[in-house]
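Asks: below are the sequence and a predicted model for it; my questions follow.
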Amino acid sequence: MTEERAARPLRVVLFDLDGTLIDSTDLILNSYEHTYRTLGRIMGREQIQADFGLPLRDTLERYFHGDELRRALEIYIDYNLRLHDDGVRQIQGVAELVRRLREMDLRLGVVTSKARETALRGLMLCRLDRFFEVVVAREDTRRHKPEAEPIIYALASFEADAAECAYVGDTPLDIEAARAAGVRPIAALWRPVARKAFDDWRPDAFAATPQEAADILESWRAAREHAEDGEAAQGA
């Protein structure tokens, strides 16, 4: 990290949605398992979890094509939406995390590969929707995580530079996208996910709990404010 980047004040924190802000892991796993089973495919849970973070179509295109792909999409969406409201749960500590960040005057956004309507409903069910100014969903960009485009789109919505932003996500795809966009990535391990899964991307920090994530972000903001105070004193 350059000195210029380190000295910039942290203004914006972006979050992944599923597994980071809301507990939808079992719902997603069950939806994929139902889809593969219905179409006569055997797919282990480890492989399903390895695909987490990709848009639904991108995941299913790995295993289905043509009419079978269209059928797989229909099966997944129908099953997922029917069970959605009962399958989405709050993650302990996340509400406190976002409240702390707002008390620090940080601006908050969500960057997800999920469809907008479903993403907003998940936030509402977990009583988190009021905390976020910007939600970047699947419909907003042509390319999706691990590409940088969705995070860059969010930065433009906030009129913020990458050096002023952190991104919190629970999959290697989140960290890859954050790196590509030039923002500071935090790996959220409360899904849980193995720390070694992030070895190739080296997040700036790991957080085992939402409280740890809040502590890290508070320290980053304080460090940047301290840097700005020092620069002001030198110029006095």
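Replies: Cool, the structure landed.
Asks: burial of E61, as a residue count?
Replies: By other Cβ atoms under 10 Å, 14 other residues sit near E61. (Each C-beta comes from the backbone N, C-alpha and C, glycine too.)
Asks: show me the contacts for the residue lying closest to G109 once chain neighbours are set aside.
Replies: Once flanking residues are discounted, G109 sits nearest to V134: 3.8 Å by Cβ to Cβ, 6 or more residues apart in numbering. By Cβ atoms under 8 Å, 6 or more residues apart in numbering, the contact list for V134 reads 109-110, 154, 157-158.
Asks: and the residues you listed, which two are furthest apart?
Replies: Across those, no pair lies farther apart than V110 and F158, at 12.1 Å, counting by Cβ to Cβ.
Asks: how does this structure divide into domains?
Replies: 3-23+89-235, 25-87 (automatic domain parsing).
Asks: least reliable of those going by mean pLDDT?
Replies: With a mean of 90, domain 3-23+89-235 has the lowest mean pLDDT of those.
Asks: which SS class is F52?
Replies: coil (DSSP: H, G, I helix; E, B strand; the rest coil).
Asks: so after the strand or helix carrying R70, what's the next helix or strand?
Replies: Assessed by DSSP states H and E, R70 sits inside helix 66-87. Following helix 66-87 in sequence order, the next helix or strand is strand 89-90 (DSSP H and E).
Asks: put the alpha carbons of the following helix or strand past that following strand into PDB.
Replies: Using DSSP H and E, the helix or strand that follows strand 89-90 in sequence is helix 94-103. This file holds the C-alpha atoms of helix 94-103, laid out as PDB (Å, rounded to 0.1, in the frame of the first residue of the first chain):
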ATOM      1  CA  VAL A  94     -24.100  -7.700  12.000                       C
ATOM      2  CA  ALA A  95     -26.700  -5.100  13.100                       C
ATOM      3  CA  GLU A  96     -24.300  -3.900  15.700                       C
ATOM      4  CA  LEU A  97     -21.500  -3.800  13.200                       C
ATOM      5  CA  VAL A  98     -23.300  -1.600  10.700                       C
ATOM      6  CA  ARG A  99     -24.700   0.700  13.500                       C
ATOM      7  CA  ARG A 100     -21.100   1.200  14.700                       C
ATOM      8  CA  LEU A 101     -19.900   2.100  11.300                       C
ATOM      9  CA  ARG A 102     -22.800   4.600  10.800                       C
ATOM     10  CA  GLU A 103     -21.900   6.200  14.100                       C
END
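Asks: what residues of helix 94-103 count as buried?
Replies: 94-95, 97-98, 100-101 (16 or more other Cβ atoms under 10 Å).
Asks: what does stretch 179-188 give?
Replies: 179, 181, 183-188.
Asks: from T20, how far off is E46?
Replies: 20 Å (Cβ to Cβ, to the nearest Å).
Asks: more neighbours: the two, which one.
Replies: More neighbours surround T20 than the other of E46 and T20, with 25 against 7 (other Cβ under 10 Å).
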